[in-house]
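> build me a model:
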Amino acid sequence: MQDTLHFLEKSLAGQTGAAWLGDLEEIADEVGYFQPLSAKHNAAFIDAGKTLLVTFETLQSVQTMNGDAHPVGFEMVREEGWSLLSFFSDGNTWFRNPAVYHYFDRLIDDGFFEDFDQVIFYGVGSCGYAACAFSVAAPGAHVLALSPQATLDPRVTEWDDRFRRSRRISFTDRYGYAPDMLDAAGRATIIYDPRVELDAMHVALFTRYNVDKLCMACFGNALDLQMMRLAILYPMLSALGADDPVPAEFYTLHRKRRLDRNYLRAVLGDMEDAKRWGLAKAVCDHAASALNAPRFKKRGEQILALQASDIEQGVQPS
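This next block holds a predicted model:
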C-alpha cells in the first residue's frame, strides 16, 4: 500500500485557495475522489484501509498544521493505512450548508460508512462542531473534538460574543445541535482548555454518558497546533483506532507538557499573578534543571527577592 500512496508525499506548501484544492484533487483522484460540494465546501476521499478517518478543516487552518500544508489525516493514511474522508470549508462555516447535508445523506443511503470496520471523526473549533454534528451519520463512530462549539443558536449560547456575525447561520435544522448528534456515537472525546471560559461553557453542554471531557489547561484555544507541537495529536487518533482507553492514553501523553517551555511559562505567569512565590520558584527550578534554561534560573533568583519583599511588607499570597 505504501508504494501506491507515494503521491501523499507531494508538498502543497505555497498553494492557497483554488490552487491548493486543485493540487489536492490531483492527489485524491489517484486512489479516491475529489468532490466539490458548494462554493465554500469541498470533500476528498482516499481509499486505503478498513478504518476511516473523517476530518473537518478550513482552507486557512490547513496551511498551518505542517510544513507541507497537508490535510491532518494524511499522516494517518501514511502511518496507519487508514482511509480518509476530508471536508474543507473556506473560513469558519461550521459546515452549515444544505449541500453538505445532502452529501452525508447520500453517503448514508449508499451504505458508505458500513464498508469500514471503524469510523473516527475529528475536528477543532468550528470543525470540531462539525465532527460532532455529522458523526450521527455513522452510528457507533468514535469522535475526537478539540474546543468544539455546541451551537451558535443565540437562544442557547447568547453568552458567546465571539461569533456575532455568524449568528444568522441556522443551527436549528438538520444536523444542528452537536451534543444531541453525539447520542449515536460509540464514544466521544472532547479536549479543551478550561481557562478559556467560553470554550468551557460550550463543552459543558456536551455532558453525555458517552462523552469524555479532558482538560489541557494553559494551552489556549489552538489546541490542534499545541498537540501537534507536543507530538500527541496523532498518538491520540491512533489510540482511538486501537480502541485503547483514551483518557488514560491522553494523560500519559499529556505529561510531555512538563518539559514544554510554553506551558511552564503559562503556569509561572499564573503563580506570579497570584503571588504564590514558592510555587513560582519551584516551576523555575524545574525548568532550569530539566530544560537547562538559564532564563528560568534567573527568574527564580528574582522571585526569591520578590518573595522576601512581600514577607517584609506583610503581604499575604492570594
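
> so Thr189, which state does it fall into?
Counting by DSSP: H, G, I helix; E, B strand; the rest coil, the backbone at Thr189 sits in strand.

> ok, Met216 touching Leu223?
Yes: between Met216 and Leu223 there is a contact under C-beta atoms under 8 Å: 5.8 Å. Where C-beta positions appear, they are placed from N, C-alpha and C, glycine not excepted.

> what touches both of these two?
When contacts are counted by C-beta atoms under 8 Å, 6 or more residues apart in numbering, Met216 and Leu223 have Ile191, Tyr192, Asp193 as shared neighbours.

> pLDDT score for Val211?
Model confidence at Val211, given as pLDDT, is 96.

> wait, Gln316
Note for Gln316: predicted pLDDT of 60.

> also Gly67?
82.

> by neighbours, which of the shared contacts of Met216 and Leu223 wins?
Within these, neighbour counts (other C-beta atoms under 10 Å) peak at Ile191, which reaches 28 neighbours.

> tell me the pLDDT at Thr4?
The model reports Thr4 with a pLDDT of 53.

> start at 58 instead
Taking 58 as the first residue, the last one we looked at is Thr61.

> and His199, what is it in contact with?
Contacts of His199 by C-beta under 8 Å, 6+ apart are Gln175, Val176, Ile177, Phe178, Ala242, Gly243, Arg244, Ala245, Thr246, Leu297.

> name the element the closest residue to Gly335 other than its chain neighbours belongs to?
Of all residues not flanking Gly335 in the chain, Gln364 sits nearest, at 7.4 Å (C-beta to C-beta, 6 or more residues apart in numbering). For Gln364, the host element (DSSP states H and E) is helix 351-370.

> which positions within that helix qualify as buried?
Neighbour counts over helix 351-370 (16 or more other C-beta atoms under 10 Å) mark Phe353, Arg356, Gly357, Ile360, Leu363, Gln364 as buried.

> now render the residues you listed as a markdown table, adding distance to Phe144 and pLDDT.
Compiled in a markdown table, the buried residues of helix 351-370 are given as follows (distance: C-beta to C-beta, whole Å; pLDDT from 0 to 100):
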| residue | distance to Phe144 | pLDDT |
| --- | --- | --- |
| Phe353 | 42 | 93 |
| Arg356 | 45 | 92 |
| Gly357 | 48 | 88 |
| Ile360 | 48 | 89 |
| Leu363 | 51 | 81 |
| Gln364 | 53 | 77 |
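
> can I get these in CSV including distance to Glu83?
Shown next, in CSV, are these (distance: C-beta to C-beta, whole Å):
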residue, distance to Glu83
Phe353, 48
Arg356, 51
Gly357, 54
Ile360, 56
Leu363, 59
Gln364, 61
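
> packing partners for the helix holding Gln364?
In terms of contacts (3 or more C-beta pairs under 8 Å, 6 or more residues apart in numbering; DSSP states H and E), helix 351-370 is packed against helix 318-330, helix 334-347.

> same thing but at 7 Å, please
If you count contacts as 3 or more C-beta pairs under 7 Å, 6 or more residues apart in numbering; DSSP states H and E, helix 351-370 packs onto helix 334-347.

> run the chain-centre distance for the helix it packs on.
30 Å (C-alpha atoms, centre = their mean, to the nearest Å).

> send me it as CSV with only the CA atoms.
Only the C-alpha atoms of helix 334-347 are listed here, as CSV (Å, rounded to 0.1, in the frame of the first residue of the first chain):
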residue,chain,number,x,y,z
TRP,A,334,6.2,32.7,45.2
GLY,A,335,7.0,29.3,46.5
LEU,A,336,5.3,27.5,43.6
ALA,A,337,6.7,30.0,41.1
LYS,A,338,10.2,29.3,42.3
ALA,A,339,9.5,25.6,42.1
VAL,A,340,8.5,26.0,38.4
CYS,A,341,11.6,28.0,37.7
ASP,A,342,13.8,25.4,39.4
HIS,A,343,12.2,22.5,37.5
ALA,A,344,12.6,24.3,34.1
ALA,A,345,16.2,25.4,34.9
SER,A,346,17.1,21.8,35.8
ALA,A,347,15.1,19.8,33.3
